[in-house]
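[1] the sequence and its predicted three-dimensional model are supplied below.
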Amino acid sequence: MTDRPERPEHRDRLNRGPGRLKAVCVMDPAVADQVLPEELRRRLSALVELAPDQMTPPPPGKFPTAFAEAEILISGWGCPRLTADVLACAPRLRAVLHAAGSVKSLVSEAVWERGIVVSSAADANAGPVVSYTLALITLAARRTLSLAAGYEAGWPAFGSRSGADGSTVGIVGASRIGRGVLAGLRRSDAGHRLLLSDPYVTDEEARLLGAERVELAELCRRSAVVSVHAPLLPETTGLLDARMLGLIPDGGVLINTARGAIVDTEALTRACASGRLEAYLDVTDPEPLPSGHPLLSMPNVLVTPHIAGAQGREVRRLGQYAVAEAERWVAGEPLLGEVTRQALAHLA
């Protein structure tokens, strides 16, 4: 049950009965079959009238007739930005259910002005990122890259390999992923001391998350591992600059699975080139890094091509989430992944 007022459009749809609602999917065909495999398409087709050409993203300004009739858009990677011109081709559109993470590159002001409901499957994408980050923290706490680079020169003494448990881990940003990482670290038996820096979190909220809330500078000074989970906003662009990176103790590690531009790439390159820091980067600025960039060849840096999120069969979770949201929307129930205009300003 919910205490939200029922939306008028929900009443209209329910009175019309099933089978008359029309939906269209617009996403890159290279991922469409993974996001919406046959069983999910059947489930969606049982709920709405699904356009037969839903898997082909049309060129700008040339949307199929089905788009003009659709009330529901299942979007994904490859869907064009929903500008006023695009939305003019979809006069009946009422809901955008994004079978991927961030909707910042998808949603324009015209979407809010039309009163279109927006949902994101970011919650479904968060789980793989959390798991990936926890794995990187395990590697980082053991100084894996530096020890691997020195393998041929001889095994390090046992004492130099110890101390992974109980290290201080600083989490930058209490996003859904940042909170998930904190929860995972609490469940582990490694005994990490946890710090959190987020201007929108109180001391009490941080305590409930199992962390001590501190300012960013203090987090950098005290953390052996700094993991970035803030959204990319004007105020977070370049947040980890030369000054902040310089506060991380020698031998410290930076992990970034959020957005590349939160970290000053030139400053990080200098810190890693000196051997002072290790870095595990799933995102960079620019992305991808140009061929021959110094970070790509440093033995104390691991750069991966933005793979922390859902990959392979995991991508199906995004389609499952979007189809479940369609079922909720048709039934007039609240959307679990609803994104509002106000919330979008603070989301990734």
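    Cool, got the structure.
[2] and the helices in the stretch 51-200 of the chain?
    With DSSP state H, counting those that start in this stretch as the criterion, the stretch 51-200 of the chain has helices at 65-69, 84-87, 109-113, 122-141, 144-149, 158-161, 176-187.
[3] so what touches the helix or strand hosting residue 268?
    In this assignment (DSSP states H and E), residue 268 forms part of helix 265-273. Helix 265-273 has contacts (CB atoms under 8 Å, 6 or more residues apart in numbering) with 240-242, 245-246, 248, 254, 277-279, 284-286, 293-295, 298, 300-301. Quick note: C-beta positions are derived from backbone N, CA and C, even for glycine.
[4] repeat that for 6 Å
    Helix 265-273 is contacted by residues 241-242, 245, 277, 279, 285, 294-295, 298, 300-301 when judged by CB atoms under 6 Å, 6 or more residues apart in numbering.
[5] averaged pLDDT, stretch 231-242. What do you get?
    Here stretch 231-242 scores 96 as its mean pLDDT.
[6] quick one, what contacts residue 222?
    If you count contacts by CB under 6 Å, 6+ apart, then residue 222 has residue 168 around it.
[7] and it, how far is that from residue 196?
    Here the criterion is CB to CB, to the nearest Å. By it, residue 222 lies 12 Å from residue 196.
[8] in terms of pLDDT, where does residue 166 sit?
    Looking at residue 166, its pLDDT is 70.
[9] whoops, residue 132 was the one
    Residue 132 is given a pLDDT of 97.
[10] ok, it - how many residues close by?
    Neighbour count for residue 132, taken as other CB atoms under 10 Å: 21.
[11] again, but for residue 113
    Residue 113 has 11 neighbours, counted by other CB under 10 Å.
[12] got it, and residue 348?
    21.
[13] for it, give me its contacts.
    102, 231.
[14] partners of the residue nearest to residue 337 when sequence neighbours are not counted in the sheet?
    Leaving aside its chain neighbours, residue 337 sits nearest to residue 119 (4.3 Å; criterion: CB to CB, 6 or more residues apart in numbering). Beta-bridge partners for residue 119, by DSSP bridges, are residue 97, residue 338.
[15] residue 119: what's it in contact with?
    Contacts were defined as CB under 6 Å, 6+ apart; by that measure residue 119 touches 97, 325, 335, 337-338.
[16] quick one: it and residue 39, what's the gap?
    Applying CB to CB to residue 119 and residue 39 gives a distance of 21 Å.
[17] just the strands from the chain, written as ranges.
    In the chain, the strands defined using DSSP state E lie at 22-26, 49-50, 72-75, 95-98, 117-120, 168-172, 193-197, 212-213, 225-228, 253-256, 278-281, 301-303.
[18] sorry, back to before: okay, buried residues for the helix holding residue 268 please.
    Residues of helix 265-273 classed as buried by neighbour count (16 or more other CB atoms under 10 Å): 265, 267-272.
[19] would you turn those residues into JSON lines with distance to residue 30?
    Formatted as JSON lines, the buried residues of helix 265-273 follow (distance: CB to CB, whole Å):
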{"residue": "265", "distance to residue 30": "29"}
{"residue": "267", "distance to residue 30": "36"}
{"residue": "268", "distance to residue 30": "32"}
{"residue": "269", "distance to residue 30": "32"}
{"residue": "270", "distance to residue 30": "37"}
{"residue": "271", "distance to residue 30": "37"}
{"residue": "272", "distance to residue 30": "33"}
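[20] nearest to residue 23 among the residues you listed?
    residue 265 (41.3 Å; CB to CB).
[21] how close does the closest one sit to residue 287?
    Where residue 287 is concerned, residue 265 sits at a distance of 10 Å (CB to CB).
[22] returning to what we had before: using CSV, write out every CA atom in the helix holding residue 268.
    C-alpha atoms of helix 265-273 as CSV (Å, rounded to 0.1, in the frame of the first residue of the first chain):
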residue,chain,number,x,y,z
THR,A,265,44.0,13.2,-13.9
GLU,A,266,47.3,15.2,-14.2
ALA,A,267,47.7,15.4,-10.4
LEU,A,268,47.0,11.7,-10.0
THR,A,269,49.4,10.9,-12.8
ARG,A,270,52.2,12.8,-11.0
ALA,A,271,51.4,11.1,-7.7
CYS,A,272,51.5,7.6,-9.2
ALA,A,273,54.6,8.3,-11.4
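[23] next one: it to chain centre, how far?
    How far helix 265-273 lies from its chain's middle: 24 Å, per CA atoms, centre = their mean, to the nearest Å.
[24] ok, now stretch 134-147?
    Stretch 134-147 has its C-alpha centroid displaced from the chain centroid by 22 Å (CA atoms, centre = their mean).
[25] okay, how far is it across that stretch, tip to tip?
    One end of stretch 134-147 sits 19 Å from the other (CA to CA, to the nearest Å).
[26] low-confidence regions, the stretch 151-300 of the chain specifically.
    Applying pLDDT under 70 to the stretch 151-300 of the chain flags residues 157-165.
[27] 50 instead, please
    162-163 (pLDDT under 50).
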